[in-house]
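Colleague: Sequence and predicted structure, then a few things I'm wondering about:
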Amino acid sequence: MTAAPQPVSGMQTVLGMLSMPKGLRLGVGPTIAAIVLAIIVIASIAAPLYIPHDPLAIDALHRLKGSSEAYLLGTDAYGRDVFSRVMMGGRVSLFIGVGAAMVSVALGLFIGLVSGFFRAADALVMRIMDSLMAIPSILLAIALVALNGPSLWSVISAITIPEIPRVVRLVRSVVLSVREEPYVEAAIALGSSMPKILWQHLMPNTLAPLIVQGTYICASAILVEAILSFLGAGVSTEIPTWGNIMAEGRLYFQIKPMLIFWPGLMLSLCILSINLLGDTARDLLDPRLKKREA
Amino acid sequence: MIGYIFRRILAVVPVMLIVAVFVFLLLRLTPGDPAAILAGDAATPAQLERIRTSLGLNEPIYVQFTTWVDQLMHGNLGISLISNTPVAQMIGQRIWPTINIAILTIILSVAIAVPMGVVAAWRHRTWVDYAVMSFSVLGFSVPVFVIGYVLIKFFSIDLRWLPVQGYTPPSQDFGKFLSRAILPCLTLATIYVALIARMTRASLLEVLGEDYIRTARAKGVKERVVLFRHALSNAAVPILTIIGTGFALLIGGVVVTESVFNIPGVGRLTVDAILARDYPVIQGIILLMSGTYVFINLLIDLSYSFFDPRIRY
C-alpha cells in the first residue's frame, strides 16, 4: 500500500477542508468522523464498566419514563434503562458490522482470487455471483435468518452472503488486470506454486480496494442488522442491538419517539462516520478513483 | 440490434435459473430438518408431517427439484404453510399497493435527484454542491424506518398535515391516495435520491469538461439548454444504470416502509411471512422480486441506445 501523504480533496465535497499544520493532511470531515467513531467504539466496548443499570433488568414500576437522573435517556416499555441498552446494543451492532465485513472480505477474496486466476472456474463462478446479486440483499438475508434462526452468527452470515459477490467482482477485476503483468508471468515461469503466486503476488494488489470495500460493508452491515431486527428477522430480542431497541420502540412510537430516536442517532452517526472514513480511505489509497466518483 | 436484444434476453435465462436453484437449495441445504425449523419448537409430529408433504420434502431431491421447476413454469409459486392458499394468489392480492408506491417513488426520486445532481455539478465546489453531497452521504447513513418515523412525527403528528398511516387505492380516491402515499414515497425516495443525485453529479462533472460544452457556451446557448440538453443527455447512461441497480435498494426499502406506514402490500406480506415462518411465501416473493429486478435492468440495458444513439449493437 503506497498511501502517499498527498492532499486529500475527496472530503472537500462534503464538509470543506482545513489543512492540518504539517505532514498528512486530513479534512475536517474525516477528522470529526474519526473522533466520533472512536468515541462510539470505545464507549461501546467499555459499556459494561459504566452503564448504571442491567440492560436486561425489567422493572414494571418504571415503564416508559422520561429522562431523569437515574435513567439518563428514560426507560422502555419494560422499564429497562434505555441508556444502558443503547450503549450495550452498540457492542453487538458493531460486532455484527465488523464481523460481516471481515467474513465477506475473506470469503470474497478467496473466491475472487481463484476465479480471476483460473479461467475454467471463472465463467461458472461469475454466473453464480451475478445471480446472487440479482436477489435483493434484504430479501436474501430475511430468508437466511428465517431458515437459520435468530442467532448472532446466523444474522452475520445472512448479512455476509449477499455482500460476497460484490467483493468477488472487485478482487477478480484486480486479479484480471494484474495477472498479465510481467512479474506474475515471471513467477509462473520460475515455477512458483499456485498458492504462492495467488497469495504473495496477486493478493497484495487487492488489499487497498478491499480495505475501502470493507469499510462500506461494515457500515451497510450495521444498517442491515437494524433493518432485519426491525422486520422481526434479526438477533433474538434478548440481546440488545441498536436495531432491536428501535424495533421494540416502534410500538410506542407515538407516545415516546425517543425510543427510536436515540439508537437511531447512534447508529446513523456511526454509519456516517464509517462511510466518510471509507471515502477518505478510497481517496488516499486510490487517487485514480477519486477523479471518477468524487 | 435485433440480434443484440435477443441475446440480451437470452442471457437472463441462466441468471434466473441459478436464482431458482439457489432459492430451492436454500431450504434443502439448511442444517437440520427444514420442517422442524419452519414449524418451530412446539410442533407436533402431525404438523411436521404436514409441512413435509406440503413442501414435498419426503421425495428424493431431484424429484423435488423437477416438480418445483415444473410448477414455477406454470406460474405456481407453491402453497402457503399458514393460510393454505396459493402463494401466487396471495402476492397477486397485495401487489398493487406496492407497484403504485414504487412507481410514484421512482418518478419522485428522478424528478428530485436529477435536477439536484445537475445543479450540484453546475455549481461545483459551492455551498449548493456541498449541500447536495452532504444530503447524499446522510441518505446512505440513516435507516429507512428512522426516516419514516421522523417524517411521521413531523408532518403527521406535529404539523398534522398528512395522515399517519394507511393506504387508499388510487382508483378509489386519487387525492386520498396521494396524501397517504406521499410520506412513504418520500421515505423510500431518500436513499434512492441520494444514490441518483450522486451519480448524476459525478457523470455530469465529467461531461461538463468536454470541448463541445465550451463550444455550446461560446456560441451563446442558454446555460439551461447546455446543462439539460447538451450535458445531461450525454451523461444519461451511467444515471440510467444506477437507477437500475438501485432498484434493489428500493425493494428492500419497500418491505420496511410498508410496515412503517401500514400499507397492505407485498412488503407487509413479507414481514407477516417472516413472523409466521411461512417459507413458501418468502421464497415466492424472493423469486418475484429477483425477476422484477432482472427484468428492469434488462429494460434499462436495452434503452441505452435510445438515450445514447452512439451505442449500437
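Modeller: Done, it's in. Residues are numbered from 1 along each chain as shown, chains lettered A, B, ... in the order given.
Colleague: how near is A:Asp54 to chain B?
Modeller: 26 Å (Cβ to the nearest Cβ, to the nearest Å). (C-beta placed from N, C-alpha, C; glycine too.)
Colleague: ugh, wrong one, I meant A:Glu225
Modeller: 10 Å.
Colleague: Spit out the contact partners of that residue.
Modeller: Residues near A:Glu225 by Cβ atoms under 8 Å, 6 or more residues apart in numbering or on different chains: A:Ser93, A:Ile96, A:Gly97, A:Val155, A:Ile159, A:Gly234, A:Val235, A:Thr241, A:Trp242, A:Gly243.
Colleague: does the third one count as helix, strand or coil?
Modeller: Pointing back at A:Gly97 there. What DSSP: H, G, I helix; E, B strand; the rest coil gives for A:Gly97 is helix.
Colleague: That one: how many residues sit nearby?
Modeller: By other Cβ atoms under 10 Å in any protein chain shown, 25 other residues sit near A:Gly97.
Colleague: show me the contacts for it.
Modeller: By Cβ under 8 Å, 6+ apart, the residues touching A:Gly97 are A:Cys218, A:Ala219, A:Ala221, A:Ile222, A:Glu225, A:Ile274.
Colleague: quick revisit: may I see the contacts of A:Glu225 arranged in CSV, with distance to A:Leu284 as well?
Modeller: Converted to CSV, these look like this (distance: Cβ to Cβ, whole Å):
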residue, distance to A:Leu284
A:Ser93, 26
A:Ile96, 26
A:Gly97, 21
A:Val155, 32
A:Ile159, 27
A:Gly234, 34
A:Val235, 34
A:Thr241, 31
A:Trp242, 29
A:Gly243, 31
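Colleague: out of those, which one sits closest to B:Thr270?
Modeller: The closest of the contacts of A:Glu225 to B:Thr270 turns out to be A:Gly234 (Cβ to Cβ; 14.3 Å).
Colleague: Is that closest one within a helix or a strand, and which one?
Modeller: Per DSSP states H and E, A:Gly234 falls between elements, in no helix or strand.
Colleague: contacting residues for it?
Modeller: Counting by Cβ under 8 Å, 6+ apart, A:Gly234 has contacts A:Val145, A:Pro150, A:Val155, A:Glu225, A:Ala226, A:Leu228, A:Thr241, A:Gly243, A:Asn244, A:Ala247.
Colleague: ok, for the third one, nearest residue in space, not its chain neighbours?
Modeller: So that's A:Val155. Excluding the flanking residues, the one nearest A:Val155 by Cβ to Cβ, 6 or more residues apart in numbering or on different chains is A:Val235, at 5.2 Å.
Colleague: where does the one you found fall, phi/psi-wise?
Modeller: Backbone torsions for A:Val235, taken as degrees, to the nearest 10, come to phi -60, psi 150.
Colleague: measure it to chain B for me?
Modeller: Taking Cβ to the nearest Cβ as the measure, A:Val235 falls 14 Å from chain B.
Colleague: For burial, what's the neighbour tally of that residue?
Modeller: 25.
Colleague: who's in contact with it?
Modeller: Residues near A:Val235 by Cβ under 8 Å, 6+ apart: A:Val92, A:Ile96, A:Pro150, A:Ser151, A:Leu152, A:Val155, A:Glu225, A:Ser229, A:Thr241, A:Gly243, A:Asn244.
Colleague: Can you report phi and psi for the first one?
Modeller: Looking back up the chat, that one is A:Val92. phi -70, psi -40.
Colleague: What distance do you get for it to B:Val142?
Modeller: Distance, A:Val92 to B:Val142, using Cβ to Cβ, to the nearest Å: 20 Å.
Colleague: what's around the residue in the stretch 151-300 of chain B that chain A sits nearest to, how many residues?
Modeller: At 3.4 Å from chain A, B:Gly252 is the closest residue in the stretch 151-300 of chain B, using Cβ to the nearest Cβ. For B:Gly252, the count of nearby residues is 24 (other Cβ under 10 Å).
Colleague: Can you name every helix or strand that the host helix or strand of it contacts?
Modeller: Using DSSP H and E, B:Gly252 maps to helix B:247-261. Here helix B:247-261 touches helix A:137-148, helix A:203-231, helix B:87-122, helix B:144-151, helix B:174-208, helix B:266-276, helix B:279-307, going by 3 or more Cβ pairs under 8 Å, 6 or more residues apart in numbering or on different chains; DSSP states H and E.
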